[in-house]
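Colleague: Got a predicted model here, sequence first, then my questions.
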Amino acid sequence: MSILEEVRSLFISPELGDAGVPFADFPRKVSLIDSNLIVYGVPLDLTTSFGKGTREGPTSIRLTSAKQIETYIFEENIDLADKVKIYDLGDLKIPQLDSSCSLSSILASVGANISMTTERIKSSNKIPILLGGEHTVSYYQLKALADTRPLILHFDAHRDLKPKYCGMVMCHTTPFYHLINDGHIHGDDLVQIGIRQCDREENQIALNKGVITFDAWTIHDDIDKLLLYLQEVTYNRVIYISFDIDVYDLSYVPCTGCPEPYGLDPFQVAKIIKSISSTSKLIAMDLVEVAARNDDYREGTLAVQTLYRILVNLQRAYS
Ligand SMILES: [Mn+2]
């Protein structure tokens, strides 16, 4: 059994999960070994402080990708089904929070399994695509990729640079602080895009650590500044994309836990994705904080369309 096959037991296969279908449900099926991109869900909804619902993220993404959305990318005249070989591992099993299982012990076990899965996908020369789940999951995936020193393109309304929040050290608002503080990433390898909400201390931390910021107002006033920057800085560079769905304006994301106004619109995000140099090499990505409530799949649809555009633009990574 390959080292990749061994992680299978950590997951509930997509067919047996809530969606009942794999991501995109491509007509041409590929095996785990023959794939070049591996999708896996982490429906973690543990430290979320305000709105709940991220546990529905992977299901919402699977359902909308498989049942609603065409894989043909209209403006590019490209069918993703001709380009990618995606395998969906399913959702990571997450222990129940109860008297025998504390929050910190769940995080430790889920975190270790994310890191191991990421390492094994990478050492099999494939690209992990983590579907969240709360943003905490990015810590464990990025930690496992530290030796590749990627440039991190972090799309988010929030900096997620708090040392601690509501008494919790590791939670959905702290992953990037701990990645820097624990030495897994360098502050100046972190590009935060669409930021519009944080506290004064996080701004100071960003400044002290050399984090590069394109806040939502800068993008609104002069998007070309960001587009030119990304074109240059991603040229021939290994990149990691951490995409929090709340980078979009709250009018586009009705279900996510911490929606914010003054956000980006889908046309702006599409332009930003397109400005990432096609010479760059995507090492991994995550798509987090997607939620669903009362059968409202608008947010899942937007998440999938965003992901498809990232995959079409960054074909070099897997073709
Ligand atoms: Mn956020």
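Modeller: The structure has been received and is ready for your questions. In this text, all values refer to a predicted model and were calculated from it rather than measured experimentally.
Colleague: Name the surrounding residues that touch stretch 7-19.
Modeller: Residues outside stretch 7-19 that contact it (Cβ atoms under 8 Å, 6 or more residues apart in numbering): 20-23, 32, 40-41, 56, 58-59, 62-63, 66, 88-93, 113, 116-117, 120. The way it works is simple: take the backbone N, C-alpha and C, and place the C-beta from them, glycine included.
Colleague: typed the wrong thing, it's stretch 170-190
Modeller: For stretch 170-190, using Cβ under 8 Å, 6+ apart, the contacting residues are 47-49, 104, 107, 111, 134-136, 138-139, 142-143, 146, 149-152, 154, 158-165, 168-169, 202, 205-206, 208-212, 257, 289.
Colleague: Wondering if it reaches the ion at all.
Modeller: No. Against the ion, stretch 170-190 shows no contacts by Cβ under 5 Å from the ion, the least distance being 7.7 Å.
Colleague: tell me the mean pLDDT for that stretch?
Modeller: For stretch 170-190, mean pLDDT is 97.
Colleague: So for it, first residue to last residue, what's the gap.
Modeller: Terminal residues of stretch 170-190 are spaced 19 Å apart (Cα to Cα, to the nearest Å).
Colleague: Repeat that for stretch 241-250.
Modeller: Stretch 241-250 end-to-end distance (Cα to Cα) = 21 Å.
Colleague: Then stretch 20-35?
Modeller: Stretch 20-35 end-to-end distance (Cα to Cα) = 20 Å.
Colleague: Any chance you could list what contacts that stretch?
Modeller: With contact meaning Cβ under 8 Å, 6+ apart, stretch 20-35 is reached by 2, 4-5, 8, 14-15, 38-39, 61-63, 65-67, 71, 80-81, 84-90, 126, 131.
Colleague: Stretch 231-247: which residues count as buried?
Modeller: Within stretch 231-247, the residues scored as buried using 16 or more other Cβ atoms under 10 Å are 231, 233-234, 237-247.
Colleague: just checking, which of the contacts of stretch 170-190 belong to helices?
Modeller: Judged by DSSP state H, the contacts of stretch 170-190 include 104, 107, 111, 138-139, 142-143, 202, 205-206, 208-209 as members of helices.
Colleague: Keep only those that also lie close to the ion.
Modeller: Near the ion, by the rule Cβ under 5 Å from the ion, you find none of these.
Colleague: List only buried entries from those residues.
Modeller: Among the ones in helices among the contacts of stretch 170-190, the ones that count as buried (16+ other Cβ under 10 Å) are 107, 111, 138-139, 142-143, 202, 205-206, 209.
Colleague: can you list the weak-confidence ranges in this protein?
Modeller: The model of the chain has no residue with pLDDT under 70.
Colleague: Which residue ranges of it form helices?
Modeller: Using DSSP H, helices in the chain cover 57-67, 80-83, 103-123, 137-143, 175-181, 200-209, 216-221, 223-233, 266-275, 298-313.
Colleague: Which one, of the ones you listed, ends up nearest to Ser319?
Modeller: helix 80-83 (6.7 Å; Cβ to Cβ).
Colleague: OK, contacts around Lys274?
Modeller: 309, 313.
Colleague: hmm, back to that, report the buried members of the contacts of stretch 7-19.
Modeller: Counted by 16+ other Cβ under 10 Å, the contacts of stretch 7-19 give 21-23, 32, 40-41, 56, 58-59, 62-63, 66, 88-92, 113, 116-117, 120 as buried.
Colleague: Now do stretch 244-253: distance from first to last residue.
Modeller: Start and end residues of stretch 244-253 are separated by 11 Å (Cα to Cα).
Colleague: which one is Leu142 nearest to, not counting chain neighbours?
Modeller: Nearest residue to Leu142 in three dimensions, chain neighbours excluded: Leu179, at 5.6 Å (Cβ to Cβ, 6 or more residues apart in numbering).
Colleague: tally of neighbours for that neighbour?
Modeller: 25 (other Cβ atoms under 10 Å).
Colleague: measure it to the ion for me?
Modeller: Noted for Leu179: a distance of 15 Å to the ion, by Cβ to the ion, to the nearest Å.
Colleague: do Ser99 as well
Modeller: 31 Å.
Colleague: what's near enough to touch the nearest residue to Ile276 once chain neighbours are set aside?
Modeller: Of all residues not flanking Ile276 in the chain, Thr234 sits nearest, at 5.0 Å (Cβ to Cβ, 6+ apart). Under the criterion of Cβ under 8 Å, 6+ apart, the neighbours of Thr234 are 151, 153, 276-277, 279-280.
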